[in-house]
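Visitor: Attaching a predicted model along with its sequence, questions to come.
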Amino acid sequence: MARHEHGLLAWIRKHTPHRDEMLKSRWLRPFAHRIAHSELWRFTRRSVPRGVALGLIVGIFLLIPGVQIIGVALLALPFRANIPIGVAMTFLSNPATTPFLLGSSIIVGNRAFGLHADVATFMQLISEGAGISQWTAWFLSDAAPALLAGLFIISVIAAAVGYVLAIFLWRLWIGAKWRRRGHKPIELSTNGQ
C-alpha cells in the first residue's frame, strides 16, 4: 500500500538523492558500508533535528554543492543524523542565497574579529563578473579570515536555530498526527516519574 505524503517531507523525498544513488557515488563508495546504515535514513525525533543542524552547518560553511552532500553523508554517521534531511538543508545555500550569505559572512567576520575586509569590493566583483585573478587578490586580503569566520559563526547559529525549530515542528507534527487518529498525545513527565 503506497503512502500519500504532503508538504515538505514529500518534497524532500522527491528531490534529495536516494540511498542507492548516494552509495554508488565514487566519492562515497569507500564509506558506503557505513552510510548505508538504515538508522541514518529513518525519520525519527532525534535524527531529523540532527540532520537539520548538520545540513545547515555543512551547507552554509562549505557552499560547494557536491562537497556539501558528501560532507553531510560522511558526518551523518558520528552524529547519527538523518541523511535525506541533512542533504535537503544544504539546498538553502543556492545561487540565489550565496551572495547574501557571503556578504553577511564578511560583515559578521569583520565585526567579530576586528578585520577590515571590504564588502563594497566584494559586491563590485560580483556585479562586474570578475575573473579568477581579481577574486584571488581580493581573497588574499583580509577577506579570507573575515569570510571564513563569518561563515562559521552564521552556520553554527543557523544550525542551533534549525535544531530547536526542528524539534518544535516535529512535536507539532506528531501532535497533529495523534489528533487525526483520535488519540491524545502522550505527555512527557518532567518530574522524573
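Guide: Structure received.

Visitor: The helix or strand hosting Val156: which residues count as buried?
Guide: Following DSSP states H and E, the helix or strand that holds Val156 is helix 144-181. Of all the residues in helix 144-181, those buried under the rule 16 or more other C-beta atoms under 10 Å are 146-147, 149-155, 158-159, 162-163, 166, 170. Placement of C-beta: from N, CA and C, glycine included.

Visitor: what about that helix, distance to the chain center?
Guide: When distances are taken as C-alpha atoms, centre = their mean, to the nearest Å, helix 144-181 is centred 9 Å away from the chain's centroid.

Visitor: Which elements pack onto it?
Guide: When contacts are defined as 3 or more C-beta pairs under 8 Å, 6 or more residues apart in numbering; DSSP states H and E, helix 144-181 packs onto helix 47-62, helix 98-113.

Visitor: Give me the below-cutoff pLDDT ranges for this structure.
Guide: 1-9, 11-13, 15-17, 19, 22-24, 32-34, 36, 183-193 (pLDDT under 70).

Visitor: show me the contacts for Arg26.
Guide: Arg26 makes no contacts at all, as judged by C-beta atoms under 8 Å, 6 or more residues apart in numbering.

Visitor: What is the burial count for Ile69?
Guide: 25 (other C-beta atoms under 10 Å).

Visitor: what angle do the helix holding Val156 and helix 98-113 make?
Guide: 120 degrees (axes from the mean of the first three to the mean of the last three C-alpha atoms, to 10 degrees).

Visitor: Now do the same for Thr44: helix, strand or coil?
Guide: Applying DSSP: H, G, I helix; E, B strand; the rest coil to Thr44 yields a three-state assignment of coil.

Visitor: how many other residues sit next to the nearest residue to it once chain neighbours are set aside?
Guide: Nearest-residue entry for Thr44: Asn82, 7.5 Å, with adjacent residues in sequence omitted and distances by C-beta to C-beta, 6 or more residues apart in numbering. Neighbourhood size, Asn82 [other C-beta under 10 Å]: 29.

Visitor: check contacts around Asn82.
Guide: Taking C-beta under 8 Å, 6+ apart, one finds Leu40, Trp41, Arg42, Phe43, Thr44, Ser47, Val48, Arg50, Gly51, Ala76 in contact with Asn82.

Visitor: could you flag which of the residues you listed are buried?
Guide: Leu40, Trp41, Ser47, Val48, Arg50, Gly51, Ala76.

Visitor: For Ser25, state which of these is nearest.
Guide: Nearest to Ser25 among these is Ala76, at 14.0 Å by C-beta to C-beta.

Visitor: Distance check, that closest one against Leu54.
Guide: Going from Ala76 to Leu54 by C-beta to C-beta, to the nearest Å gives 6 Å.

Visitor: Quick check: neighbours shared by the two?
Guide: With C-beta under 8 Å, 6+ apart, Ala76 and Leu54 have common neighbours Gly86.
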